[in-house]
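Asker: Attaching a predicted model along with its sequence, questions to come.
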Amino acid sequence: MFILCFVILLDSISTSKHIETNRYTFDFKDLPSSFDGFKVAVLADFQIGLYTKEKDIDYVIDQLDVEKPDVVFILGDHIYSAPHKFNYYNPKHLESIKNVFSKISSKFPTYAVNGNHDNWENKDGIIKATIDSGVGFLDNRHVWFTNQNNINERIHFSGVADLDTDIIDIQAAISNVSTNDFSILLSHNPKVITSITNKNYDKYVDLMLAGHTHAGQVNIPFMVDPFFKPAHKYGLKNYGDTSLYITSGIGMVLLPIRFNANAEIAIITLQKIDLE
Ligand SMILES: [Fe+2]
């Protein structure tokens, strides 16, 4: 038993530094024709600080250079100085965020929302660093993204603030979207999908992207996860007219280990389908 635990621990530590690039193609009927093949990079939970260092994100940026996405979304928990209960914040991580965000946004249109750790540690500082780095800040905000090859077609990007540490305003995010528009909503916390479906906002949100869960981070076979239900932990699931994709993100909290929960860069290609 001791040997088994030791092997699992060793595997968990080595897995923690391994980042997969996972590629998907999702179909949408509301996607404008000129956006058929549009490539979205989904990043989350950098948690730069205690375990993930700024230089670890260089690999992520190298992978973006290979994948050449049309847009990059960064879904919060950018920093992690320490577990929340220690109430500790290290300001040097803000510089790391500026550096990383500036590198990404210099190459790709980039948008971000805050996560719970960002708001706990330095909400205003993170927001300023995001904007100063040329990254669109989408907490309870929205933007129209026009296709450079066809300026008559556009899609809608919006975001909500973190569910646990801020006030979410879905109305502010999607109020100017019609049911026929193609719309992507960013949310750090995937549980926002409940508000989307309860208020019938799923008609206005084609794709929701979330992080926060680290895909459970440590998934021991036959053990029940005390934090997340399987449906709210990782991957793609449809809720009414909204497809929710939850990424496992990059970093870690509490302990520097991942088990059965690889870190990932998710690359989603949008594909138009015509319904007769
Ligand atoms: Fe989080």
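Answerer: Yep, it's here.

Asker: When you work out contacts or count neighbours from here on, use the C-alpha atoms and nothing else.
Answerer: OK.

Asker: can you list the weak-confidence ranges in this protein?
Answerer: Scanning the chain for pLDDT under 70 picks out the ranges 1-17, 226, 228, 230, 275-276.

Asker: For the residue nearest the centre of it, which non-adjacent residue is closest in space?
Answerer: Centroid check for the chain by CA atoms, centre = their mean gives Leu75 as the closest residue, at 3.2 Å. The shortest distance from Leu75 to any non-neighbouring residue, by CA to CA, 6 or more residues apart in numbering, is to Ala44 (4.6 Å).

Asker: Any chance of the backbone angles for the one you found?
Answerer: phi -160, psi 160 (degrees, to the nearest 10).

Asker: do the same with Gln47
Answerer: The phi/psi pair for Gln47 (degrees, to the nearest 10) is phi 50, psi 40.

Asker: pull the CA atoms of the longest helix along the chain into CSV?
Answerer: If you go by DSSP state H, the chain has its longest helix at helix 116-132. C-alpha atoms of helix 116-132 as CSV (Å, rounded to 0.1, in the frame of the first residue of the first chain):
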residue,chain,number,x,y,z
ASN,A,116,-11.7,33.9,-7.4
HIS,A,117,-7.9,34.0,-6.5
ASP,A,118,-7.4,37.2,-8.6
ASN,A,119,-10.2,38.9,-6.7
TRP,A,120,-9.0,37.6,-3.3
GLU,A,121,-5.4,38.7,-3.9
ASN,A,122,-5.6,42.0,-5.8
LYS,A,123,-8.7,42.5,-7.9
ASP,A,124,-8.0,46.1,-9.0
GLY,A,125,-4.4,45.4,-9.7
ILE,A,126,-5.2,42.4,-11.9
ILE,A,127,-7.8,44.4,-13.8
LYS,A,128,-5.3,47.2,-14.5
ALA,A,129,-2.6,44.7,-15.4
THR,A,130,-5.0,43.0,-17.8
ILE,A,131,-6.0,46.2,-19.6
ASP,A,132,-2.4,47.6,-19.6
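
Asker: show me what contacts the closest residue in space to Asn150 that isn't next to it in sequence?
Answerer: Distances taken as CA to CA, 6+ apart put Ser34 closest to Asn150, at 6.6 Å, once the chain neighbours are dropped. By CA atoms under 8 Å, 6 or more residues apart in numbering, Ser34 lies in contact with Asn147, Asn149, Asn150, Glu153.

Asker: which of the residues you listed are buried?
Answerer: Neighbour counting by 16 or more other CA atoms under 10 Å classes Asn147, Glu153 among those as buried.

Asker: ok, which pair from the contacts of Ser34 is furthest apart?
Answerer: Asn149 and Glu153 (8.9 Å; CA to CA).

Asker: now the helices for the stretch 51-200 of the chain?
Answerer: Using DSSP state H, counting those that start in this stretch, the helices of the stretch 51-200 of the chain run over 56-67, 92-105, 116-132, 170-174, 192-198.

Asker: quick one: contacts of the last one?
Answerer: So that's helix 192-198. With contacts defined as CA under 8 Å, 6+ apart, helix 192-198 is touched by Leu163, Ile170, Tyr201, Asp202, Met208, Tyr239, Gly240, Leu244.

Asker: Cool, thanks, signing off.
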